[in-house]
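Asks: Here is my input; please provide its structure:
(chains A and B)
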Amino acid sequence: MKKTITLFINGQRYSHEVEPRLLLVHYLREVVGLTGAHIGCETSTCGACTVLLDGKAVKACTVLAVQADGRFVTTIEGIAANGSLDAVQEAFWNEHALQCGFCTPGMILTAKQLLAREPNPTEEQIRHGLEGNLCRCTGYQHIVNAVQAAASRSGD
Amino acid sequence: MATTTTKSPALLVGQSLRRREDPRLITGTATYVDDVKMPGMHHACILRSPHAAARIRGIRTSRALEMPGVVAVFTGEDVAHLGPVPCGAALPGLRVPAHTVLARDRVYYVGHPVAVVVATDRYLAADALDAIEVDWEPLPAVADPEKALEPGSPAVHPEWPDNIAFTYKQEGGDVDKAFAEADVVVRQRLVNQRLIPVAMETRGVVAEWKPGDRQLTLYTSTQIPHLVRTLVAGMLKMPENRLRVVAPEVGGGFGSKLNVYAEEALMAFVAMKIGKPVKWIESRRENFVATIHGRGHVDYYEVAAKRDGTILGIKLKLIQDIGAYHQLLTPAIPTLSILMMPGLYKCKNVRADLIGVFTNCTPTDAYRGAGRPEATYGIERMVDILAAELQMDPAEIRFKNFVGSGEFPYQTATGLSYDSGDYAAPLRKALETVSYKTLREEQRKAREAGRLIGIGISTYGEICALGPSASLPCGGWESATVKIEPGGQVTVLTGISPHGQGEETTFAQIVADELGVSIDDVVVLHGDTSLVQYGIGTFGSRNTAIGGTALYFALQDLKEKLKKFGAMLLESDDVVWNRGRCVCMKSGKEVTLPEIAAASYRAMKLPENTDPGLVATRFWEPPNFTFPFGAHIVVTEVDSETGAVQILRYVAVDDCGKIINPLLVRGQIHGGVVQALGQVFYEHAVYDENGQLVTGELTDYAVPKASYIPAIESYHTETPSPVNPLGVKGVGEAGTIGCTPAAVNSVVDALSHLGVRHIDMPLTPEKIWKVIQDRRTA
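Replies: Here you go, the predicted structure:
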């Protein structure tokens, strides 16, 4: 039994008929065509599928699309405003905070939430805040540097 | 003398440029395999064995075929005509089980593919998997390689009841004499546990068949697109020029995608059979059993030495857990460990006996470092054990045994020729960085106060830039094509297949410097066999040392041609190439690269014996491996009440030869070290006695998280390699190779006064706590 849902994704309104069991990440990737959220585990462990749901970081592999009905979703594709990169994106680039890039969209969105909660995080707070997102390439240190750099830039 | 009329811009090689591949990755617009979408695309899901060993008495697919959206179900009989999953490594007497694309009458490990369901939608394909009925007859299984060698153990492959896949011996010098003359011999069993690579992107394949053109395209998450093309074409019995393989954005590999997998040929078969594109994306649970594992050594070491610490001889009995099958390079991996046995030391007498053992487990193969972390762990643990036995300082015993800086090229007892080095330099730098003497004093005081502080050293060497073709089953050279386009921009087609290492940036740095063009005018392309001339791919820290060198020589060829056109345009036979311009030595007149490019394609006039256009291709065969080296020091504190280990300091001094981009080198070191810390403290692929993978998910298999890991202090010495004109050695695996012994040495050092000599990885709090409790009650 399909259900009609309406979401506001990156500032745009979308309405589709979906199966109740359709995961939000599959909805975003395959119905809407936003493939920036990646699927790394399907068990909420790796965080590659992280998006912001009403401003809060969620793992889109364990949220049903119907649960997001009527809500606001921000994906990695939606954070660069008017063609200029978000401060966190820019910092990830400058600090070499990514290698293969697969975890990066989720990592950036988690970092955005972290900075929204704590604009001047300590290294320990950053590492704790990123616990839900796995990266196999960088050893995390450049990611920590990037979050620190983004924090100091937005504090300017 | 020629004079330049413009000031040369600064050279880019050696600068920390941010990566040119990043904009697509940080905006979510890169295309990984699962992002490929095609009209009419179907989805496949694979039924896998839940048993480690079982007979298949029958398979019924009729119920699955009736499920909504299902268009086909294929089993082993349907693909029996496909060639086997290839093993590229050849050793004398190697037993190679028939590795069919889908199991037929028997399965050999949990995860063994049995059937494939194809449906219009991935949810419907997954639904239909449950409707396939398999009549299983479970059989006894064996998952432990040492148990598999015991008489009466279940036979993994009934045709070889001893479970021996191969044996291999290598000897250098006179080992028996060395041991007879030794003052001291130390022995230790060391386990390098089974690991799961866990690239963040699982594997995946999209296959598209165009019957009109008889062209098959495979998008696959691989490190070796050209080798996949050759080998999958062979499995399909298809001419190679009818198959195009594309490695799109690849989300990490670490060796796990240095392979050819059943699913690549299987999806090709499905696409041709149903006449529609098909996509298969490995789930994480599948990835844990269907993609190769790493390590899986049990090593029995004996080291003979003089009382002054001089190492005389090394003996090694190496038991390699093969798993149920050979994948592409499985049997070759432990032979790399043997080559690296003596480490950085002058020991000329070595003997290794290697046994490859079949188990009812996922096949092992190359995992970041591939044989070299195991070797380094072995020698570096043994040197520490020897130092403890002789009551010598672990730094001192290393200095005593290093190959001297004046002894290069140095011939090892295992037949290698170390290219260049100053092995003492990184150790000195690391010791200075941690203030070693003061640190030892602090350790002593802390110990008196009841704190358990450890200082661990490792000094590692590695075989990189794999490698001369004679050393690999697939060719070890690399290729580059450089095209200067009519407008003067530069396009590079490289045979390597980077997936995070950053060669779109570092290769552009090399091009910009050599040709004197703006880096913004350089595009580096890779990973598509229809676009790029044949290449070998990315593994064994070979991208820059071999692929970069092929690029370098192609650039030299182009510079010669640019000079010929320049000389013609300047009407002079005395010209030089200077940073993007051809300059007449006599008149000082010059023509720019874009002017020459335009003239070469317009071809109104051509220099003598010169073709139009500016394209050069080079295939470069390296004369030797390169041998990076370094020293890592880890300071730890063990909590005696909980067994938890805290890393107080991690200092890495790595010499990877000439550095093209320090920022990217640092990224490689950090990543490698953290992956190795995963092995040291957290990761272990645990099978139960029935061959069930107990750690079959990310919820059970502990990959390091940001909060587990300390900051790593990364430093370098820079000893150019004479093997290639760039002087580079390679850095992709250094971190994983240097780290494990340094960290384990540190924890053992912290507990040494309690009489602890060795603890096998992973050093979990539980394990350490038990060791401490045992010692206290002893």
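
Asks: Which helix or strand contains residue B:318?
Replies: According to DSSP states H and E, residue B:318 maps onto strand B:311-323.

Asks: Can you give the distance of the next helix or strand after that strand from its chain's centre?
Replies: Once the chain leaves strand B:311-323, the next helix or strand it forms, by DSSP H and E, is helix B:333-339. Here helix B:333-339 shows a centroid-to-chain-centroid distance of 14 Å under the convention Cα atoms, centre = their mean, to the nearest Å.

Asks: Run through who's touching helix B:333-339.
Replies: Contact partners of helix B:333-339, identified using Cβ atoms under 8 Å, 6 or more residues apart in numbering or on different chains, comprise B:91, B:168, B:170, B:297, B:316, B:318, B:320, B:352, B:354, B:356, B:364-366, B:370-372, B:374-375, B:378, B:412, B:414-416, B:463. In this view, the C-beta of every residue, glycine as well, is placed from N, C-alpha and C.

Asks: From the residues you listed, list the buried ones, please.
Replies: B:91, B:168, B:170, B:297, B:316, B:318, B:320, B:352, B:354, B:356, B:364-366, B:370-372, B:374-375, B:378, B:412, B:414, B:416, B:463 (16 or more other Cβ atoms under 10 Å in any protein chain shown).

Asks: Restricted to helices, list those residues.
Replies: B:372, B:374, B:375, B:378 (DSSP state H).

Asks: Redo the residues you listed as JSON lines? Include pLDDT.
Replies: JSON lines is the format used below for those (pLDDT from 0 to 100):
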{"residue": "B:372", "pLDDT": "97"}
{"residue": "B:374", "pLDDT": "98"}
{"residue": "B:375", "pLDDT": "98"}
{"residue": "B:378", "pLDDT": "98"}
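
Asks: Identify the farthest-apart pair in those residues.
Replies: B:372 and B:378 (10.5 Å; Cβ to Cβ).

Asks: Which part of the stretch 51-200 of chain B gets nearest to chain A, residue-wise?
Replies: Nearest residue of the stretch 51-200 of chain B to chain A: residue B:200, at 4.2 Å (Cβ to the nearest Cβ).

Asks: So what's the residue count around that residue?
Replies: 27 (other Cβ atoms under 10 Å in any protein chain shown).

Asks: and it, backbone torsions?
Replies: With angles defined as degrees, to the nearest 10, residue B:200 sits at phi -70, psi -30.

Asks: Ok, residue B:137 next?
Replies: Torsion angles at residue B:137 (phi, psi; degrees, to the nearest 10) stand at phi -120, psi 90.

Asks: just to revisit the earlier point, can you list the buried residues in the strand holding residue B:318?
Replies: Buried-residue list, strand B:311-323, by 16+ other Cβ under 10 Å: B:311, B:312, B:313, B:314, B:315, B:316, B:318, B:319, B:320, B:321, B:322, B:323.

Asks: hmm, back to that, for the residue of the stretch 51-200 of chain B closest to chain A, which residues are in contact?
Replies: Per Cβ under 8 Å, 6+ apart, neighbours of residue B:200: A:38, A:40, A:46, A:48, A:100, A:102-103, A:134-137, B:251-252.

Asks: Closest to residue B:227 out of the residues you listed?
Replies: The closest of the contacts of residue B:200 to residue B:227 turns out to be residue B:252 (Cβ to Cβ; 18.5 Å).

Asks: ok, now how distant is the residue of the stretch 51-200 of chain B closest to chain A from residue B:160?
Replies: 37 Å (Cβ to Cβ, to the nearest Å).
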